[in-house]
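>>> Only the shape, not the letters, is given here:
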């Protein structure tokens, strides 16, 4: 008597649902994927992601219907290994890397993944953001030693970038997180501004723009410049910046922006800087682009309660959908309660609308990990 | 003249300090008398201390623990039932006549015990072994350890050893105290080797009044009640439940229609282990299979501990008891019919004895009516006459199919959706509910029982009241109720109400709700999981955003529709199947790119917000540490590149007090300043408020402290001795666990019970009622309380099938060696299943090579198909669980541990291809007979080959002419007589058999038989073993090989250096002197020869005679030996016969499965 597949509809949260299914081991069926659309069915990047999943797992069964509007996914075991994946140019490598980061620590062995394509596009997480803002989240859960090297930078539309990621740390289960008391204070701001196939001066202009906006914080700011030349630049010209506001406790907020057509580098820098300020203003321990990974890692912990502080602005539709998906997958609910601001003296906490999210882990165990 | 002596030197006083230091001893003389011994002693002390440590484990036993499961195990006739009866009598003063199923009693202030008797079939032993907290191992003191006991102990070992208490019975049968003493000692020694040194063994003497002597039972009971238990790994990760009671709640009409229909059953029991998930938990019931819980619900504890009762009284949940009656000592054994009262959620069943009703002799009108109804062949309205609703109306013969369909859809066509609400329990429970109108009547009826059974009625009342309290006061509860009353606040419509008709009030409600909408403050915790409200809507409502006018109209109705939709659990139900859904898409229409990670920013808005010194920034200013405050913080740009070291922030030693603007650490400093201000305010505030505020502040500080500690690794303080809180790693781990448990408790205590159940699940100690759909009807039809029914929860990953690689070892007591590809029944995790293992060994870690059989006394690796249980889980395996197949030998075939799980395996089998040379050149040879075609050869080109004599070579090329022949080269010239061998590896796959042992679905539960061994089948069908012609052994004829002498050609010989010259001589042609001389005897020589001949003749004769004598003696001796042997065999045969006669008597006594009584005469 095998458990029936979990039913989902539409392509929303496609990656996250597949990740949850892989972690829990339950089969899922997603139907009505863009069934009312002019181009019904899965997009190229979604199919590509399914292929990537197939590559890092063993025994997965993926059935895509004739029209592509229905997918049945029976997850296998995560085995990792050495994988090279060519990402379609419609999405950045961050689209593929973000879910893989969630899976790789719970596999059988280390994952050494090479992704080729667009390195950042302003929609998906850029590679610099992943390295500087997503890895620290994993470190909080005791998952360490990640390495990410940008071999080539590829800007949209033609990409041509290459990133190699090495995730050697295989764990039994993530640690229980307790971070529900104090909103971290930003101690310094760091960033990476990069350009490919454009004048190297544009990077400095980005930095200038960003620093201009960030100067009001009075915070120590340093933005690195990374100008890709020759071999290491991709096929299209482009530039962008990824900013991280770091706290001493290891938490950080992040924002990034990528230059669009006709945009000046200063605008890009300023935009990213403002977005960063906005994220810091939302409060909580993490910014919006980090919160989903955080929640999933908390859910698959031991059967203990972990707590984290989340700003009100961070709780959005995607957050609600994630919690609902988690419920359908594991039957577990989370509790959200308002953070009480008690000390009146604590001026920094004032004006912040924050919530404590308490999550009891589902007692997940990485069953594919061998014993010696 | 007086002598002038030099004055005596004053005695130098020893300094006081030195004296005390040395204590009057010479420290050099008494340093260490025996340094070696001292060292040894120190080492031993350390060893002993170290041995006491266990890996720290989280003990998740809640405050009110579930009953301790005490399993009574032993071979038939050892007095298991008698022991349970005695113990139950001791604890409750009840005398049970017939024990069926688990019996729960209260044994102490905070402890309950569930006794369960374990039968001697393999299935029961395995199941009980997995759930028992304490095993009372019954041993017939007169007989010693029996096979069942040993089997049970070996089942326990791989599944985590629970506590074991040996109990030796039948000790009154010993005649002499000396033999009793010796026997006790022997038993104890044996138990110690099996369990652990120092394991407790109790001795029970004879039976009096069907019970063991009170004094001995009292001692045993005391011992049990102080026993402490260690958490076991598997049970610490799974929740499980021993079924107290099982009820079939399938609609009787459906059973009537089809007696073989899958049943819907409820199972009652205490949750053990981790909390049981509240929603669609996947469980395994050993003996049935994997199932999904369709509904679960907490019931009032039928067997509360005094501690719990006291708490309830304090909280005003139940009335204080005036006096403690002996009969109030609680026992709960629903299957055993204690006191004849059964209490269900919806009814109380009272057994009034079977005498009062005799079929065919009904007494009153009521009885006749009921019997008449029961006997009716057809249901109401089914007959030709139809059903007449009103006296004047026409008879209805068929029901409007539309209605019917509608009804079916609404009800999901799967039996009753709503639970029936019985009277006895629910009366007071839903105080305000209209459907319980007969409160008073219910009470009255309760009174009626009074004269008969006063306590029972009181009990049921208290149960009822407890149920009320459990729900924690009406209104709160309804808001959180999980199914249909979710939206009770304003727009929810109870489904049943819709069915019943009146809808008019509903529209009003929706309107009103719409008006209320803006005033409402939504709680995100509740909105979050209301599935019929879209996530966008959730956020919108919660954040007080305006509904856009376009959505507002349809919105409310949508919610209702969806709600009823989800109720029906049917996404494509009738009416909207063909209709295109208007807003079927839950996605925002304009979202061009979905599934993006970087949020969308309103660029213009942000520009305004964050330009210059805007008010927005003033709010967050405090969150940034300015550069001045960071001066100590070295800027080290190179840190940033790459490694996450710097990101994890190792800045603990930094003085944070220097921060100028609002870093939170500053708060502490400001505390003292603001203290005075507070003091003034305090006058105005009432004490309560102050206290409350202080408590909250304290709590907050505690949390902060906790968190900071968390960050400073494990409190061991690796480098800094000042930070070192704990002496050892062990202490630190234990403290960490304790702290986490505290946090859990604090978090859960804050929640109300409904939220807690959803977030945490039903925790251990709760008495729950579980509804399971689609159970095969055989389970209910053949239900026998003697066989335990266990529900074990499955982790998400355990629900998959795949290949398991295990380390396995044949049990040393098992008679047979295990063969690859022979089915074996595994007990792994909760499951018992049959699978087909392949045994392998690792060839220097390069490949897994298949073994035909398990090694005799070694571990080997096994691979089989089955459910993916996490590595490090132990298992045991048996060849058959059927009692009928038991030969009396030890049944546990193997034990082991899971090493690895995967969806595919690589196992190879050794394959040797053999060929012979037919033409040999120098190093090249042509080989035949290894392959059949050139294609095959092509596949193996370059493969290394070897002759039997060890000459290595390589396959070069296939020959075109004789198909399958090839050319090979060797490191040396091979012989024509050599055999050439190619060693290859052939991949094989284990067969995918996963066959759960469905013993509970059988009528004969002990006789489950799965796939049989090939040998068994052949034996049964009387088929001969197929023999391969090639595998037959024949006598090997080895012709004598003659080798020609080595001849070296003359030319070469002449070329050889002198050293290597072969000295060769031509054969002599002439006869030598010795050959050609003639010898003639004469004189003394002749005499001498004659003499010698005589002497030798005499000597030979003497030897012959001696040998003859010797032979004679030998035959006589051998005859004697043979006689002795004959006698010995005879004696052994007799002994054996006697033994098995005795054994047979014993078995036949216990045959009916428990309750086997042994007569004393058996031992004579």
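Everything's here; your move. Keep in mind that what you see is a predicted model, and the values were worked out from it rather than measured.
>>> in chain B, what secondary structure element scores lowest on mean pLDDT?
helix B:474-480 (a mean of 37; mean pLDDT, DSSP states H and E).
>>> Which residues of the stretch 51-200 of chain A lie near chain B?
A:58-59, A:76-77, A:79, A:94-95, A:98, A:108, A:122-125, A:131-132, A:135-136, A:139, A:144, A:146-147, A:176, A:178-183, A:185-188, A:190 (CB under 8 Å from any CB of the partner chain). Quick note: C-beta positions are derived from backbone N, CA and C, even for glycine.
>>> what about 7 Å?
A:58-59, A:76-77, A:94, A:98, A:122-125, A:135-136, A:139, A:176, A:178-179, A:181-183, A:185-188, A:190 (CB under 7 Å from any CB of the partner chain).
>>> Whichever residue of the stretch 401-550 of chain B sits closest to chain A and residue A:125: what is the separation?
When distances are taken as CB to the nearest CB, the stretch 401-550 of chain B reaches nearest to chain A at residue B:535, 3.9 Å away. From residue B:535 across to residue A:125, the span is 21 Å (CB to CB, to the nearest Å).
>>> who has more neighbours, the two?
Higher neighbour count among residue B:535 and residue A:125: residue A:125, with 28 against 21, using other CB atoms under 10 Å in any protein chain shown.
>>> Which of the residues of the stretch 51-200 of chain A next to chain B are buried, as a PyMOL select command?
Applying 16 or more other CB atoms under 10 Å in any protein chain shown to these, the buried members can be selected in PyMOL as follows:
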select buried, chain A and resi 58+59+76+77+94+98+122+123+124+125+135+136+139+176+178+179+181+182+183+185+186+187+188+190
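>>> Of the residues of the stretch 51-200 of chain A next to chain B, which belong to strands?
A:58, A:77, A:178, A:179, A:186, A:187, A:188, A:190 (DSSP state E).
>>> for the residue nearest to residue B:158 when sequence neighbours are not counted, what are its contacts?
Excluding its sequence neighbours, the residue lying closest to residue B:158 (CB to CB, 6 or more residues apart in numbering or on different chains) is residue B:874, at 3.3 Å. Applying CB atoms under 7 Å, 6 or more residues apart in numbering or on different chains, we find residue B:874 in contact with B:158, B:159, B:897.
>>> and which of the residues you listed is nearest chain A?
Taking the contacts of residue B:874 together and measuring to chain A by CB to the nearest CB, the closest member is residue B:897, at 8.0 Å.
>>> That closest one should be in a strand, yeah?
Yes: counting by DSSP: H, G, I helix; E, B strand; the rest coil, residue B:897 is found in a strand.
>>> Which neighbours in the sheet does the host helix or strand of residue B:246 have, and how are they oriented?
Secondary structure from DSSP states H and E places residue B:246 in strand B:245-248. With DSSP bridges as the test, strand B:245-248 is paired with strand B:263-273 (antiparallel).
>>> buried set for stretch B:820-838?
B:820, B:822-838.
>>> Inside helices: which ones of those?
Judged by DSSP state H, the buried residues of stretch B:820-838 include no members of helices.
>>> residue contacts, residue B:595?
Counting by CB under 7 Å, 6+ apart, residue B:595 has contacts A:12, A:13, A:14, A:15.
>>> Help me confirm that it is found in a helix?
No: counting by three-state DSSP, residue B:595 is not part of a helix but coil.
>>> got a pLDDT number for it?
According to the prediction, residue B:595 has pLDDT 83.
>>> Make sure I have this right: residue B:905 is in a helix.
No: counting by three-state DSSP, residue B:905 is not found in a helix; it is coil.
>>> For it, the count of nearby residues, please.
20.
>>> burial measure for the closest residue to it other than its chain neighbours, as a count.
Among residues not flanking residue B:905 along the chain, residue B:803 sits closest, at 4.6 Å (CB to CB, 6+ apart). Residues lying near residue B:803 (other CB under 10 Å) number 22.
>>> Most neighbours out of the contacts of residue B:874, which is it?
Highest count within the contacts of residue B:874 by other CB under 10 Å belongs to residue B:159, 25 neighbours.
>>> In contact with that one, which residues?
B:129, B:130, B:234, B:874.
>>> Now with 8 Å, please.
B:129, B:130, B:234, B:827, B:874, B:875, B:876 (CB atoms under 8 Å, 6 or more residues apart in numbering or on different chains).
>>> max-length helix in the chain?
Went with chain A since none was named. From DSSP H, the single longest helix across chain A is helix A:265-282.
>>> Let me rephrase: I mean chain B.
helix B:1084-1150.
>>> Buried residues of whichever strand or helix holds residue B:313, list them for me.
According to DSSP H and E, residue B:313 maps onto helix B:306-314. Using 16+ other CB under 10 Å as the test for burial, helix B:306-314 gives B:306, B:308, B:309, B:312.
>>> What about the closest residue to the first one other than its chain neighbours, how many residues nearby?
For residue B:306, ignoring the flanking residues on the chain, the nearest one in space by CB to CB, 6+ apart is residue B:109 at 5.3 Å. Other residues within reach of residue B:109, judged by other CB under 10 Å, total 11.
>>> Looks to me like residue B:109 is in a helix.
No: secondary structure of residue B:109 (three-state DSSP): coil, not part of a helix.
>>> Test my guess that it contacts residue B:309.
No: the criterion here is CB atoms under 8 Å, and residue B:109 misses it with residue B:309 at 10.1 Å.
>>> Around residue B:802, count how many other residues there are.
Using other CB under 10 Å: residue B:802 sits among 23 other residues.
>>> what comes up buried for the helix or strand harbouring it?
Using DSSP H and E, residue B:802 maps to strand B:801-810. With burial defined by 16+ other CB under 10 Å, the residues of strand B:801-810 counted as buried are B:802, B:803, B:804, B:805, B:806, B:807, B:808, B:809, B:810.
>>> Relative to chain A, which of those residues is nearest.
When the buried residues of strand B:801-810 are compared against chain A (criterion: CB to the nearest CB), the nearest one is residue B:802, at 6.5 Å.
>>> show me what contacts the closest one?
Here residue B:802 is in contact with A:59, A:77, B:865, B:866, B:868, B:901, B:902, B:903 (CB under 8 Å, 6+ apart).
>>> Include pLDDT and distance to residue A:41 when you put these into JSON lines, please.
Formatted as JSON lines, those follow (pLDDT from 0 to 100; distance: CB to CB, whole Å):
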{"residue": "A:59", "pLDDT": "92", "distance to residue A:41": "25"}
{"residue": "A:77", "pLDDT": "94", "distance to residue A:41": "28"}
{"residue": "B:865", "pLDDT": "96", "distance to residue A:41": "35"}
{"residue": "B:866", "pLDDT": "95", "distance to residue A:41": "37"}
{"residue": "B:868", "pLDDT": "93", "distance to residue A:41": "32"}
{"residue": "B:901", "pLDDT": "93", "distance to residue A:41": "34"}
{"residue": "B:902", "pLDDT": "92", "distance to residue A:41": "32"}
{"residue": "B:903", "pLDDT": "92", "distance to residue A:41": "28"}
